[in-house]
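Visitor: Dropping a prediction and its sequence here:
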Amino acid sequence: MQVLRDYIDQQTCSTISNADFDLVTAELLPYKLQKKQFLLRAGEVCQYQAFVVQGALRLYSVDARGNKHIHVLGVENMWIGDRESWSQLTPSPYYIEALEDSQLLLVNCPQAQHLVRTVPLVAELVRIQDERNAIATQKRLHDAISCSAEERYAAFIAQHPTYVQRFSQLMIASYLGISPETLSRIRAKLPLAPATAERDDF
């Protein structure tokens, strides 16, 4: 739980009290996923938002042709889940799959709402995260519309320098919305292209 405590303190630039942190941990469910296990499958209601203590996951959808489209790559100190399904109790169009053995902390919507009402730093954390997520979503949309594939990949590497060691080239291409062939050409032009993770599937 120390990882979560450090995360709250760092994100809010404050120090959560022992009493308030006890309230937080009382509402969270520790959970483990083995590699290739699913936290969520399309058609299910997303019951939990998951804080990643350790591991790596992906949130993706599958189109009518069976193609996978990765929307989120989640690693330590990140939250992952379908926010709409979680809060509205509607079926999700997404899958959430562990790409590594992962340790998570789960919270359902009523528990999260209770913490927002009772723990001021949790309310501040949610406000900060909502703002950052809105900015990130706007930036990703702008990049998809206005930036070249080369520019998107360069921005991705600058923002997430360790991801190339944890996610395959196929996954990174899907996340960026470009073809694997295009990504290979981009990487071939780099003087010292970082090695991507080796995985046996997509």
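Guide: Looks like it arrived, so ask away.
Visitor: now the residue nearest to Tyr31 when sequence neighbours are not counted: how far from Met1?
Guide: In space, and not counting its chain neighbours, Tyr31 is closest to Leu104: 4.6 Å by C-beta to C-beta, 6 or more residues apart in numbering. For every residue, glycine as well, the C-beta is placed using N, CA and C. From Leu104 across to Met1, the span is 12 Å (C-beta to C-beta, to the nearest Å).
Visitor: Compare these two (neighbour count), which wins?
Guide: For Leu104 versus Met1, neighbours defined as other C-beta atoms under 10 Å are more numerous around Leu104 (24 against 13).
Visitor: residues in contact with the residue nearest to Pro180 when sequence neighbours are not counted?
Guide: Distances taken as C-beta to C-beta, 6+ apart place Ala173 nearest to Pro180, at 4.6 Å, with adjacent residues excluded. Counting by C-beta atoms under 8 Å, 6 or more residues apart in numbering, Ala173 makes contact with 179-180, 182-183.
Visitor: Among those residues, name the buried ones.
Guide: Leu183 (16 or more other C-beta atoms under 10 Å).
Visitor: Now for the protein: which helix has the highest residue count?
Guide: helix 120-146 (DSSP state H).
Visitor: any idea which helix or strand comes after that one?
Guide: Beyond helix 120-146 on the C-terminal side, the first helix or strand identified by DSSP states H and E is helix 149-159.
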